[in-house]
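> what follows is a predicted structure for the sequence shown.
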Amino acid sequence: MNDNLPTVKITRSYHHGDLRATLLEAAEGLLAEKGVEGFSMREIARRAGVSPAAPKHHFCDVRALLTTIATTAFDELADRLEVASEDREAGRVTRVHREGIAYVRFAIEQRSRFDLMWRVALLDLTDSEYCRAGDRAFAALDRLIRGEDAPELELADPRMAPSIACWSLVHGFARLAIDGTFGLDAGAAERAAGALLPAVLAHLSV
């Protein structure tokens, strides 16, 4: 019996080391299936195969877990925006339009996560990583609109109007698409993004 003790300890340590990733995977799956309204720490623990108290070793509450998911989502959105506009030989308007398309496609492909990203009442807005990721995603558009050397300003500053206008247009289209405005059948949002979005972006003055 004693010969087996080291193996047991290693196995438990390995499992504990993976618990955070396992919980996040279970949380992402639950969010995709049931949305924010069907989200619960108890169900995540059940899916992860651990006790209801186990998640608190890594996430103090549901808000902390949701904030972590939202942070990852903002970073992924920022990645897409940066890739969409990395071709500096393309004109600025073209690059802005490419970012707009990337933004909407992200929203359509990641509907539950996109919805969560803006549910500020459910998130910890003081979390430094969440703030960093959100700022990074917005900066990808803002730098393109106002210029690389533009000073940092509060969002409500009137000088931010050009960036806010662009953001409002693509965010509004994304929201309309995922809320079913262009149809509730499978693929309706994707078709609208492909056929209608370029024409909508053509009305954008940069």
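Received, thanks.
> any regions of the chain where pLDDT drops low?
Applying pLDDT under 70 to the chain picks out residues 1-17, 206.
> if you set the cut-off to 90 instead, what comes out?
1-19, 36-38, 51-58, 60, 88, 203-206 (pLDDT under 90).
> Thr71 contacts Ala137, correct?
No. Counting by Cβ atoms under 8 Å, Thr71 sits too far from Ala137 to count as a contact (10.5 Å). C-beta: built from backbone N, CA, C; applies to glycine.
> between those two, point out the one with more neighbours.
Ala137 (24 against 21; other Cβ atoms under 10 Å).
> need the distance between the two termini of stretch 79-94.
One end of stretch 79-94 to the other measures 18 Å (Cα to Cα, to the nearest Å).
> how's this structure carved up into domains?
Domain segmentation of the chain under automatic domain parsing yields 1-59, 61-206.
> out of these, deepest packed?
Ranked by mean neighbour count, these are led by domain 61-206 with a mean of 16 (mean count of other Cβ atoms under 10 Å).
> show me the contacts for the spatially most central residue of the chain.
The residue lying closest to the centre of the chain (Cα atoms, centre = their mean) is Ala73, at 2.4 Å. Shown in contact with Ala73 (Cβ atoms under 8 Å, 6 or more residues apart in numbering): 110, 113-114, 116-117.
> can you rerun that using 10 Å?
Ala73 sits next to 28, 31, 106, 110, 112-117, 133-134, 137 when contact means Cβ atoms under 10 Å, 6 or more residues apart in numbering.
> picking up where we left off before, common neighbours of Thr71 and Ala137, please.
In contact with both Thr71 and Ala137: Met117, using Cβ under 10 Å, 6+ apart.
> just to revisit the earlier point, any idea how far the residue nearest to the centre of the chain lies from Ala32?
Note on Ala73: its distance to Ala32, by Cβ to Cβ, to the nearest Å, is 12 Å.
> straight-line length of stretch 49-60, end to end?
End-to-end distance (Cα to Cα), stretch 49-60: 18 Å.
> for the nearest residue to Ser85 once chain neighbours are set aside, give me the backbone phi and psi.
Leaving out its chain neighbours, the residue that sits closest to Ser85 by Cβ to Cβ, 6 or more residues apart in numbering is Arg95, at 4.1 Å. For Arg95, the backbone dihedrals are phi -70, psi -40 (criterion: degrees, to the nearest 10).
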